[in-house]
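Engineer: What follows is a predicted structure for the sequence shown.
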Amino acid sequence: MSTAEFDLIDRIRARVRQRDDVVLGIGDDAALLQAPPGMQLVVTADTLNAGVHFPESTAPADIGWKALAVNLSDLAAMSATPAWCTLSLSLPEAGESWIEAFLDGFTQLANQHEVALVGGDTTRGPLSISVTAMGLIETGCALRRDRARAGDDVWVTGTLGDAAAALEAVLASREVAAALRQRLDRPAPRIAAGRRLAGIAHGCIDLSDGLLADLGHVCARSGVGAEIDLPSLPVSIALAALDPAQRWHWQASGGDDYELCFTASPRNRELVMQALDFAEIATTRIGRIVAGQGVKAFDAEGREWQSIRSGYEHFPSPKGTSFGA
Ligand code: ADP
Ligand code: MG
């Protein structure tokens, strides 16, 4: 291990807040964590590569925030409470100011959710950030993709399409409204909403690749189909003025929303709205789960609608099958 690498790890360790259940954190060969009795450990990992998962121009503090946010979003979709994380960094150079700015964003979100950074790895290479997040859930209470049932309502939290609209503008070097750029760079993981939905929602997923693609994963895992009413998709003030046909592509097929999409029995509509009111997050009913397979979207006249884009695929194949999304 070089001195530069040691300095970096020291810098990281100096910025970390600990928790009582971290028996041993950064500095040993591995961390020792104490899970409480009656709780299951929920584990997820996601990597951000420069130029693939964020534009090269993204500020280091925003990269730090987003690297953790996308992982906490996965925990939210399982209804877990975040507890710990690890951070594996591949950096082109051991830049002091870069790492401090990165940690500003990373620790801001970690502190908000009382997540302790307990270890990781630091190597030289193309800019890539890999986070593993661990959370806790009462045994047997996790929300899952394979629990949607025909007849369920389909719901989403927040608004859709803002991040995709921002990304398109950034890539075209067009000016982006601050509110839209914020949705791309600083997604807010819906932890409180996920917690409140335990025992109420059936199927659940967080939206990273686009509504239709991600709801498709829920349908495939649950052995059902879904119908989405495009005019009902929740829209931000920033996008509301646009022609629906233009924004639907961002809202239905754009990535990076990090909202929750979940299904629940129509009998529980009041319960769903109360639960998310309590979590102070807007929620909108956007369609229904049906027998069969696949996700269909309909316009205001009830005509089936085809997106010009499908969800993001890292390894698209001509046959339309993919892995590693
Ligand atoms: P090892 O050779 O045993 O893998 P390292 O030199 O990679 O040890 O790391 C030393 C300690 O610093 C370990 O406890 C490791 O978890 C921690 N660590 C290394 N890189 C990071 C990082 N980017 N973030 C948090 N902890 C880190
Ligand atoms: Mg190591």
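Structural biologist: Sure, I can see it. Being a predicted model, the structure only gives us computed values, none of them experimental. Ligands and ions are numbered 1, 2, ... in the order given.
Engineer: who in the stretch 51-200 of the chain is up against ligand 1?
Structural biologist: Contact residues, the stretch 51-200 of the chain versus ligand 1 (C-beta under 6 Å from any ligand atom): 87, 89, 117, 119, 120, 121, 122. (Each C-beta comes from the backbone N, C-alpha and C, glycine too.)
Engineer: are any of those buried, and which?
Structural biologist: In these, burial by neighbour count holds for 87, 89, 117, 119, 120, 122, counting by 16 or more other C-beta atoms under 10 Å.
Engineer: Can you read off the pLDDT for the fourth one?
Structural biologist: What that stands for is residue 119. Residue 119 is assigned 97 on the pLDDT scale.
Engineer: Quick check: which element contains it?
Structural biologist: Using DSSP states H and E, residue 119 sits in strand 116-124.
Engineer: Using CSV, list the CA coordinates for whichever helix or strand comes after that strand.
Structural biologist: Next along the chain after strand 116-124, taking DSSP H and E as the criterion, comes strand 128-138. This file holds the C-alpha atoms of strand 128-138, laid out as CSV (Å, rounded to 0.1, in the frame of the first residue of the first chain):
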residue,chain,number,x,y,z
SER,A,128,-15.4,4.1,-10.8
ILE,A,129,-17.2,4.0,-7.4
SER,A,130,-18.7,0.8,-6.0
VAL,A,131,-20.8,0.9,-2.9
THR,A,132,-22.2,-2.0,-0.9
ALA,A,133,-25.1,-1.0,1.4
MET,A,134,-26.5,-3.1,4.2
GLY,A,135,-29.8,-2.5,6.0
LEU,A,136,-32.0,-4.3,8.5
ILE,A,137,-35.6,-5.5,8.2
GLU,A,138,-37.9,-7.3,10.7
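Engineer: ok, and for strand 128-138, which residues are buried?
Structural biologist: 128, 129, 130, 131, 132, 133, 134, 135, 136, 137.
Engineer: got JSON lines for these, with pLDDT and distance to residue 232 too?
Structural biologist: Below are the buried residues of strand 128-138 laid out as JSON lines (pLDDT from 0 to 100; distance: C-beta to C-beta, whole Å):
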{"residue": "128", "pLDDT": "97", "distance to residue 232": "38"}
{"residue": "129", "pLDDT": "98", "distance to residue 232": "36"}
{"residue": "130", "pLDDT": "98", "distance to residue 232": "37"}
{"residue": "131", "pLDDT": "98", "distance to residue 232": "34"}
{"residue": "132", "pLDDT": "98", "distance to residue 232": "36"}
{"residue": "133", "pLDDT": "98", "distance to residue 232": "32"}
{"residue": "134", "pLDDT": "98", "distance to residue 232": "36"}
{"residue": "135", "pLDDT": "98", "distance to residue 232": "31"}
{"residue": "136", "pLDDT": "98", "distance to residue 232": "34"}
{"residue": "137", "pLDDT": "98", "distance to residue 232": "30"}
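Engineer: Distance to residue 210 added to these, as a markdown table?
Structural biologist: Output for those, formatted as a markdown table (distance: C-beta to C-beta, whole Å):
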| residue | distance to residue 210 |
| --- | --- |
| 128 | 23 |
| 129 | 22 |
| 130 | 23 |
| 131 | 22 |
| 132 | 24 |
| 133 | 22 |
| 134 | 27 |
| 135 | 24 |
| 136 | 29 |
| 137 | 26 |
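Engineer: would you list every one of the helices in the protein?
Structural biologist: For the chain, helices defined by DSSP state H occupy the ranges 3-14, 60-77, 96-112, 162-171, 178-185, 191-197, 211-222, 237-240, 244-253, 269-278.
Engineer: Tell me which of the ones you listed is the most buried.
Structural biologist: Ranked by mean neighbour count, these are led by helix 60-77 with a mean of 25 (mean count of other C-beta atoms under 10 Å).
Engineer: I'd like the distance between the nearest residue to residue 237 once chain neighbours are set aside and ligand 1.
Structural biologist: Sequence neighbours aside, residue 179 is the residue nearest to residue 237 in space, at 7.6 Å (criterion: C-beta to C-beta, 6 or more residues apart in numbering). Distance of residue 179 to ligand 1, computed by C-beta to the nearest ligand atom, to the nearest Å: 32 Å.
Engineer: same question, residue 305
Structural biologist: 44 Å.
Engineer: bridging residues for that residue?
Structural biologist: Beta bridges link residue 305 to residue 297, judged by DSSP bridges.
Engineer: Return the per-residue confidence for it.
Structural biologist: Reading off the model, residue 305 has pLDDT 94.
Engineer: which residues touch it?
Structural biologist: 230, 248, 252, 297, 298, 299 (C-beta atoms under 8 Å, 6 or more residues apart in numbering).
Engineer: Same question for residue 215.
Structural biologist: Residue 215 neighbours (C-beta under 8 Å, 6+ apart): 154, 205, 226, 228, 261, 295.
Engineer: re the thing from before, closest one to residue 23 among the helices of the chain?
Structural biologist: Taking C-beta to C-beta, helix 3-14 is the member of the helices of the chain nearest to residue 23, at 16.0 Å.
Engineer: give me the low-pLDDT residue ranges for this protein?
Structural biologist: Judged by pLDDT under 70, the chain has its weakly predicted residues at 1-6, 309-325.
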